[in-house]
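Undergrad: Next input, structure requested:
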Amino acid sequence: MTLDLWIGVLDVVVYYFISETFAGATTESLGAAPSYFAFALVGIAVTVVIQAASLGIATKVREEQLTGTLEALVAQPVTTTELATGLCGLPFAISAVRVAVYLIFGALAFGLDLSHTDWVGFVVMLGTTALSMSAVGIATAAVVLVVKRGATIAGLVIFGMSLAGGAFFPVEVLPDWLEAIGQVVPPRFAFDGFRAALFEGHGWEDDALMLAAFTVVALPVSVWLFDRGMLYARRAGTLAQY
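TA: I've put the predicted structure just below:
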């Protein structure tokens with residue numbers, strides 16, 4: 001965790017100097033962000049949340065498989081929903097701390113302007129982003145339960161969606177076919193909503209609603225898939241296999 005945190009801080013520094021390199025360039029395509037540094041800092045921070053929420057549970061399930069403790073874990077007197085929630089909770093909590101560190105570091109070290117921030121909107125965006133992407137993570141964990149693989153491929157897909165969704169450069173600069181994808185993937189609404197909440201103090205509501213709508217549809221389906229995956233692994237006697 002500490003190493004990941006410092007790597008993230010170094011990323012913030014790198015993107016600050018990239019921003020300085022292009023100081024004075026037009027910022028019209030950056031949406032709510034006042035500079036490329038602000039744009040990229042949100043990309044770094046929100047990507048941490050997206051990866052923790054979407055990959056944290058699958059990674060944890062895979063670790064439990066490899067260490068031989070998955071059987072003991074699922075033997076606990078909890079429902080599948082409670083188990084999935086518990087496995088998602090710690091990665092999200094750690095990612096929230098990292099987001100706070102990056103924003104504070106950006107403000108103190110490089111003058112990131114947070115004077116217009118709507119902190120209620122920021123918290124809402126944090127919650128809706130985590131919930132929507134956890135649906136992806138729980139579904140991935142279901143695949144890991146059955147086939148013992150999938151986390152790495154899911155990680156590449158999530159990273160690709162984040163890039164296409166505007167993590168480090170505006171969606172509008174992408175080729176037309178990729179821009180069309182970037183406009184509809186869930187991370188795009190997370191990035192836009194966070195930037196609006198942090199730098200404008202308004203305009204995040206529609207993005208939060210889109211993420212909430214995705215959650216309402218995808219989360220029950222992913223929990224059902226996780227439950228089916230758990231049931232299959234128990235019946236097949238493969239919980240202890242890796």
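Undergrad: I figured residue 70 hits residue 61, correct?
TA: Yes. Using C-beta atoms under 8 Å, residue 70 is in contact with residue 61, at 7.0 Å. In short, each C-beta sits where N, CA and C put it, glycine included.
Undergrad: More neighbours: which of these two?
TA: More crowded of residue 70 and residue 61, by other C-beta atoms under 10 Å: residue 61, with 30 against 23.
Undergrad: Skip the chain neighbours and tell me the closest residue to the residue nearest the centre of the chain.
TA: Nearest to the geometric centre of the chain sits residue 50, at 0.4 Å (C-alpha atoms, centre = their mean). Excluding the flanking residues, the one nearest residue 50 by C-beta to C-beta, 6 or more residues apart in numbering is residue 133, at 5.0 Å.
Undergrad: and if you look at residue 110?
TA: Take residue 110 and drop its neighbours on the chain: the residue closest to it by C-beta to C-beta, 6+ apart is residue 16, 5.0 Å away.
Undergrad: Tell me how many other residues surround the one you found.
TA: 22.
Undergrad: In three-state terms, how would it be classified?
TA: Here residue 16 is helix, with the state taken from DSSP: H, G, I helix; E, B strand; the rest coil.
Undergrad: so it makes contact with residue 111?
TA: No. Checked against C-beta under 8 Å, the pair residue 16 and residue 111 is beyond contact range at 9.7 Å.
Undergrad: residues touching the residue nearest to residue 110, list them.
TA: Going by C-beta atoms under 8 Å, 6 or more residues apart in numbering, residue 16 touches 37, 106, 109-110.
Undergrad: ok, now residue 118?
TA: Per C-beta under 8 Å, 6+ apart, neighbours of residue 118: 197, 200-202, 204.
Undergrad: do you know how far it is from residue 196?
TA: 8 Å (C-beta to C-beta, to the nearest Å).
Undergrad: Residues in contact with both of those two, list them for me.
TA: Counting by C-beta under 8 Å, 6+ apart, the residues touching both residue 118 and residue 196 are 202, 204.
Undergrad: buried sites along the helix or strand harbouring residue 159?
TA: For residue 159, the host element (DSSP states H and E) is helix 151-164. Using 16 or more other C-beta atoms under 10 Å as the test for burial, helix 151-164 gives 151, 154-155, 158-159, 161-164.
Undergrad: all helices for the chain, in order.
TA: According to DSSP state H, the chain carries its helices in the segments 2-21, 36-67, 70-74, 80-110, 119-147, 151-164, 176-182, 186-199, 205-236.
Undergrad: if we compare those, which one ends up closest to residue 170?
TA: helix 36-67 (7.8 Å; C-beta to C-beta).
Undergrad: who does that closest one touch, helix- and strand-wise?
TA: helix 2-21, helix 70-74, helix 80-110, helix 119-147, helix 151-164, helix 186-199 (3 or more C-beta pairs under 8 Å, 6 or more residues apart in numbering; DSSP states H and E).
Undergrad: what residues does the fifth one touch?
TA: For helix 151-164, the external contacting residues (C-beta under 8 Å, 6+ apart) are 43, 47, 50-51, 54-55, 58-59, 62, 133, 136, 140, 143-144, 171, 174, 178, 181-182, 185-188.
Undergrad: Would you mind confirming that the residue nearest to the centre of the chain is in contact with residue 129?
TA: Yes. With contact defined as C-beta under 8 Å, residue 50 counts as touching residue 129 (6.7 Å).
Undergrad: Now list whatever residues contact both of the two.
TA: Joint contacts of residue 50 and residue 129 (C-beta under 8 Å, 6+ apart) are residue 190.
Undergrad: got any ranges where the protein has weak pLDDT?
TA: Residues of the chain meeting the criterion pLDDT under 70: 1-7, 20-28, 238-242.
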